[in-house]
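[1] Following is a predicted model, sequence given first.
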Amino acid sequence: MRGGGNMQQMMKQMQKMQKKMGEEQEKLKDEKVQGTAGGGMVTVTVSGHKEILDVEIKEEAVDPDDIEMLQDLVIAATNEALNKADELTQERLGKHTQGLNIPGM
């Protein structure tokens, strides 16, 4: 069968890539990234698996007359941290797919 060797080589390459990506995925759970808002008034820390680990709110960010501002800061910091976690995942896992040549994709 013509091209059978190429298919077998591609399957080996895919299995190797899957193993490395699985290892990287496991490491990501121990990575931490932070997002901040309001000039550091609110800091949110998330894992590489996008689990919120910590929320720090400086006392001066708490204004009982403006709870909406604090809520917006928490949302902004959380979104920044989640975006950084996505970037970290792409950086870590993307390096394993670079140069992968799959016909039809």
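    Sure thing, it's come through.
[2] all helices for this structure, in order.
    In the chain, the helices defined using DSSP state H lie at 4-28, 67-97.
[3] Would you single out the least confident of those?
    In terms of average pLDDT, helix 4-28 trails the rest of the helices of the chain, at a mean of 83.
[4] okay, the helices of the chain, which one's buried deepest?
    A comparison of these by mean neighbour count, using mean count of other CB atoms under 10 Å, puts helix 67-97 on top with a mean of 16. Backbone N, C-alpha and C define where each C-beta goes, glycine included.
[5] angle of that helix against helix 4-28?
    150 degrees (axes from the mean of the first three to the mean of the last three CA atoms, to 10 degrees).
[6] how about the helices of the chain in TSV, adding distance to residue 58?
    Below are these laid out as TSV (distance: least, CB to CB, whole Å):
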stretch	distance to residue 58
helix 4-28	29
helix 67-97	10
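[7] between those helices, which gets nearest to residue 37?
    Ranking the helices of the chain by proximity to residue 37 (CB to CB) places helix 67-97 first, at 3.8 Å.
[8] Show me what that closest one is packed against.
    If contacts are counted by 3 or more CB pairs under 8 Å, 6 or more residues apart in numbering; DSSP states H and E, helix 67-97 sits against helix 4-28, strand 32-37, strand 42-47, strand 52-57.
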